[in-house]
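Engineer: With the input below, show me the fold.
(one chain, ligands or ions: 2)
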Amino acid sequence: MSIVLGAIADDFTGATDLANNLVRAGMRTSQVIGIPREIHALDDVDAVVVALKSRSCPVADAVNDSLEALHWLKAQGARQIFFKYCSTFDSTDEGNIGPVADALLEALGTHQTVMVPAFPANGRTVYMGHLFVGDRLLNDSGMQHHPLNPMTDADLVRVLSRQTSHRVSLLPRPVLDKGAETAKTHLDDQLAQGVRHVICDTLDEADLQVLASAVAELPLVTGGSGLGQALPAEYRRLGWLEKVDNAGRLAPAHGPALVLSGSCSRATLGQVEHFLASHDGFALDPLALAEGNEQAEQALAFARERLLGPAGGEAPVLIYASAAPDRVRLAQQRLGVAAAGELVERALAGLAKVLVAEGVGRLVVAGGETSGAVVSALGISELRIGEQIDPGVPWTQTHIEGHELPLSLALKSGNFGGVDFFSRAFDALREERLS
Ligand SMILES: Nc1ncnc2c1ncn2[C@@H]1O[C@H](COP(=O)(O)OP(=O)(O)OP(=O)(O)O)[C@@H](O)[C@H]1O
Ligand SMILES: O=C(O)[C@@H](O)C(=O)CO
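Structural biologist: Ligands and ions are numbered 1, 2, ... in the order given. Next up is the predicted model:
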């Protein structure tokens, strides 16, 4: 059987976010980690999301990996390709959104795509090309302090124009408001004028549905997961997709519960604080990690005692490097941005590897880069997508080599989730609401 949608996501939590919305809209979805090296059995799967780690890597690597993913997805019969990036348009003047989108267009032999980062369910909307997070412009939302790609400009036409030599324009809300046919005509007019990338305004779910209807037959669409929620209904309308029940059913969860957080996003900082008010936690500091193994070993002993020892209990514990912008800046000034991030990612990934091997069976990871590091360390190649915990974050399940029982894993994007996300995620599993 051929898949309908093939998606290329530029980070791990972003991939899960998109997969979650596809499952919710009734597509049976598999997420694969990196470009699959072996042939996968894709029976009973409507969509595959390839999770890359291409958001913050050098442009040439992002382009090569994305093209390799494209070729694999086309070989699986994908009718439409979705390039998934962050709903906060995480990128720098070098890329990687513009260069990857250009390369995908060229490889597909097509000349235009849409850019739909909005995710209204999580407060990301676009008006007159300006991206809002809740009631703040992107550059005033906390994203201006992002450790790897500070977002200091909310005007996406301007942001993307710095990343591509091709023309960028806007599909404004007043046009969208007139419906899918008018939107399509607008895209065609722009194409005739040589516009390659069209940033799309989106205020709400209704706008997403109009957009989905206008773009369902384009070879390439790009954006956040909001569009992914709206497309499956269009695929059904086109006769490409059948309706299925229970697209997100998982097996029961087992084992001790751990949260690892390397995200310094505003939402995660609130979640860490909230969790620590009623649970145990251990703070990592890149400056201490740079001194040697001692702090990582202390963190391991802390988790072992609470989760795996004779006194180990049901309560989840947290190990985190999440810190306020001034502390992040200090570490970055002393160590360098990349080195500080790598020290944290390596420490959290190493802890995940040991603790899962020793029995942790329920794991929440906060932060896209952090999730990428943890998933790689665990050698995970495929995730089955389950039910949603909060918008954009589902529980997933995977098999770890040598383990009889599956690992339940939730990969949380930095700015996603309610303030009580960490404890509520496990409550949901305990209640078997999600199993
Ligand atoms: N205390 C710290 N000092 C410096 N860097 C840190 C610190 N804590 C974490 N980091 C690094 O900051 C980066 C955070 O990126 P990550 O993608 O994991 O989170 P996020 O940006 O909040 O999530 P998302 O990409 O899902 O929005 C990681 O590279 C992490 O290692
Ligand atoms: O689109 C989003 O906001 C998320 O899926 C994400 O990519 C954050 O890393």
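
Engineer: Can you report how many residues lie near Phe302?
Structural biologist: If you count neighbours by other CB atoms under 10 Å, Phe302 ends up with 16. Where you see a C-beta, it was placed from the backbone N, CA and C, and this is true even at glycine.

Engineer: Wait, it touches Ile319, no?
Structural biologist: Yes. The pair Phe302 / Ile319 is scored as a contact, 7.4 Å apart, by CB atoms under 8 Å.

Engineer: Can you pull the residues that touch both of the two?
Structural biologist: Phe282 (CB atoms under 8 Å, 6 or more residues apart in numbering).

Engineer: Just the buried residues of stretch 291-308, please?
Structural biologist: Neighbour-count burial for stretch 291-308 flags Gln295, Ala296, Ala299, Leu300, Phe302, Ala303, Arg304, Arg306, Leu307, Leu308 (criterion: 16 or more other CB atoms under 10 Å).

Engineer: Flag every residue of the stretch 1-150 of the chain that's near ligand 2.
Structural biologist: Within the stretch 1-150 of the chain, the positions lying close to ligand 2 (CB under 6 Å from any ligand atom) are Asp11, Thr13, Gly14, Asp17, Cys86, Ser87, Thr88, Phe119.

Engineer: Among the residues you listed, name the ones in strands.
Structural biologist: Cross-referencing these against strands under DSSP state E gives no overlap.

Engineer: What is the lowest-pLDDT residue among those?
Structural biologist: pLDDT is lowest at Thr13 among those; the value there is 86.

Engineer: residue ranges with poor pLDDT in the stretch 251-400 of the chain?
Structural biologist: In the predicted model, the stretch 251-400 of the chain carries no residue with pLDDT under 70.

Engineer: nope, the stretch 1-150 of the chain is what I meant
Structural biologist: Scanning the stretch 1-150 of the chain for pLDDT under 70 picks out the ranges 1, 39-42.

Engineer: change it to 80
Structural biologist: Applying pLDDT under 80 to the stretch 1-150 of the chain flags residues 1, 37-44.

Engineer: Around ligand 1, pick out the residues from this structure.
Structural biologist: Contact residues, the chain versus ligand 1 (CB under 6 Å from any ligand atom): 11, 13, 146-148, 262-265, 268, 286, 321-323, 327-328, 331-332, 340-341, 344-345, 367-370, 413-415.

Engineer: Inside helices: which ones of those?
Structural biologist: Secondary structure from DSSP state H places 13, 268, 286, 327-328, 331-332, 340-341, 344-345, 368-370 of the residues of the chain next to ligand 1 in helices.

Engineer: Can you name the residue of the stretch 251-400 of the chain nearest ligand 2?
Structural biologist: Using CB to the nearest ligand atom, Gly368 is the residue of the stretch 251-400 of the chain that sits closest to ligand 2, at 3.6 Å.

Engineer: what separates that residue from Pro174, distance-wise?
Structural biologist: Applying CB to CB, to the nearest Å, the value for Gly368 to Pro174 is 34 Å.

Engineer: Please identify which of the two sits among more neighbours.
Structural biologist: Remark: of Gly368 and Pro174, Gly368 carries more neighbours, 31 against 9, as counted by other CB under 10 Å.

Engineer: and that one, what does it touch?
Structural biologist: Gly368 sits in contact with Asp11, Phe12, Thr13, Gly14, Arg55, Cys86, Ser263, Leu411, Ser413, Gly414, where contact means CB under 8 Å, 6+ apart.

Engineer: nearest to ligand 1, of those residues?
Structural biologist: Nearest member of the contacts of Gly368 to ligand 1, counting by CB to the nearest ligand atom, is Gly414, at 2.2 Å.

Engineer: Touching, that closest one and Gln271? I think so.
Structural biologist: No. Counting by CB under 8 Å, Gln271 is not a contact partner of Gly414; they are 10.0 Å apart.

Engineer: Most neighbours among the residues of the stretch 1-150 of the chain next to ligand 2, which one?
Structural biologist: Neighbour counts for these, by other CB under 10 Å, peak at Asp17, which reaches 32 neighbours.
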